[in-house]
Each structure stands twice: as structure tokens, then as C-alpha cells.
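Participant: turn this into a model:
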Amino acid sequence: MALELHITGDDDADALLSSDPLALLIGMLLDQQVAMETAFAGPKKLRDRLGGLDVAALAHMDPDALTEVCRTPPAVHRYPGSMAGRIQALCAYLLEHHGGDAAALWTAGDPDGAEVLRRLKALPGFGDQKARIFLALLGKQLDLQAPGWREAAGAYGEDGSRRSVADIVDADSLAEVRETKRAVKAAAKAKG
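Facilitator: Modelled structure (predicted):
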């Protein structure tokens, strides 16, 4: 992961996301029911409080202790207990299925886009939409070369779209993504 992400508005948090696949995966996991910037700043809070981000340490940490780390102000997420459990489940899965290597999800065995999507959807806490958004983030901003990644990412992979975190490169694109999300929510609410 060599390219620079600009998601949180915090240079240090963005540098961590840009350089650490586990941090990026945890940020995506946390991206629900909080602002995108808050979710993706979560891994830096964890790293700072724990002295690092280690898959095995997170997977085996006392659940109550991790919940407390997530709850400490400013909180990692508005639901620290459930998110601490999801972080642990994600890390345990990575240990069991990928040797603890988060990047193996998109690098091991030279996978195509459909295979990367399948691997992402198998992760605890990652449904179809979250997996497609993450795949688009890898392709659009981190130069994923997996053939067919755009097709596998669906609408999130469309060039020039402003649908998700995959499309945020600066303050202007963040505002555009927020407006798209607002419009989608308003349309859904109007339907019923």
C-alpha cells in the first residue's frame, strides 16, 4: 500500500490507513452509524492507545479491556462494545484464514476482482455493500490490479462516481459523497 489516502482530515490517521492494511480494514469495519471520518480515524485511536495494531494481540485481547479502549474518550465508535467484538472477530478470522495478513485478502494467489469480493464478503462484519465499497477503495485509490475489480465492485467501482469512501480524495469530494448519500437517503425515505 503505497498511495496516500485522504479520508479523515487527520494527516497521521490517513498515513496509518495508507500504510497499514489492517488499519484500513478496521476503518471500513467501523464505517457504520458514524461519520466516515470518525470510523476511519478509529484505527489510529486504537494504535495510539494500544501501542500498535497487531492482529494476534487484538484477536486475543480481553474483550472487556478492548471495549474499554474503544470507549475511552474520544471513543473509537459510538457503540464501543459491539465494535470491539467485531474488531476481535475480524482479527481472529484473519489469523485463522489468512495467517494474520490483512493484505492477503487482495494479494494472495493473484486473485481477480470477483475473488477479492468473495474474500471480503466472508469477513465478519462485512456484508455485500461494505465489501463492494472496500473493493472500490482498493481499486480506485490503492491501485489494486485485480482484473474485473470494477465490475465486482458494482456501482461503487464506476469511474467518476461519488458514492462512498472509495471516492474521497479531498474536502470537495467528501462533500460530494455526503450529498450523494443524503440524496439516496431522502429518496429511500420518500418511497416509504
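Participant: go ahead and flag the most central residue of this structure.
Facilitator: residue 28 (1.6 Å; Cα atoms, centre = their mean).
Participant: so who does that one touch?
Facilitator: Residues counted as contacts of residue 28 (Cβ atoms under 8 Å, 6 or more residues apart in numbering) are 39-40, 126, 130, 133-134, 137, 165. C-beta coordinates here come from the backbone N, C-alpha and C atoms, glycine included.
Participant: do the same with residue 123
Facilitator: By Cβ under 8 Å, 6+ apart, the neighbours of residue 123 are 25, 29, 90, 93, 105, 131.
Participant: buried subset of these?
Facilitator: 25, 29, 90, 93, 105, 131 (16 or more other Cβ atoms under 10 Å).
Participant: report all helices and strands that the helix or strand hosting residue 136 contacts.
Facilitator: Take DSSP states H and E as the rule and residue 136 turns out to sit in helix 128-141. When contacts are defined as 3 or more Cβ pairs under 8 Å, 6 or more residues apart in numbering; DSSP states H and E, helix 128-141 sits against helix 21-30, helix 113-121, helix 149-153.
Participant: neighbouring contacts of the next helix or strand after the shortest one?
Facilitator: If I follow you right, that is helix 149-153. Under the assignment DSSP H and E, the closest C-terminal helix or strand after helix 149-153 is helix 171-191. The contact list for helix 171-191 (Cβ under 8 Å, 6+ apart) reads 9, 36-37, 162-165, 167-168.
Participant: what about the chain, any weak spots by pLDDT?
Facilitator: By pLDDT under 70, the low-scoring segments of the chain are 1-2.
Participant: rerun that using 90 as the cut-off
Facilitator: Judged against pLDDT under 90, the low-scoring parts of the chain cover residues 1-4, 170-171, 174-175, 178, 181-189, 191-192.
Participant: OK, contacts around the residue nearest to residue 120 when sequence neighbours are not counted?
Facilitator: Excluding its sequence neighbours, the residue lying closest to residue 120 (Cβ to Cβ, 6 or more residues apart in numbering) is residue 131, at 3.7 Å. The neighbours of residue 131, taking Cβ under 8 Å, 6+ apart as the test, are 117, 120-121, 123.
Participant: now for those: which two are most distant?
Facilitator: 117 and 123 (11.1 Å; Cβ to Cβ).
Participant: am I right that residue 135 is in contact with residue 156?
Facilitator: Yes - between residue 135 and residue 156 there is a contact under Cβ atoms under 8 Å: 7.4 Å.
Participant: more neighbours: those two, which one.
Facilitator: Each of residue 135 and residue 156 has its neighbours counted (other Cβ atoms under 10 Å); residue 135 has more, 29 against 23.
Participant: run through the residues that contact the more buried one.
Facilitator: 113, 116-117, 120, 144, 149, 152-153, 156-157.
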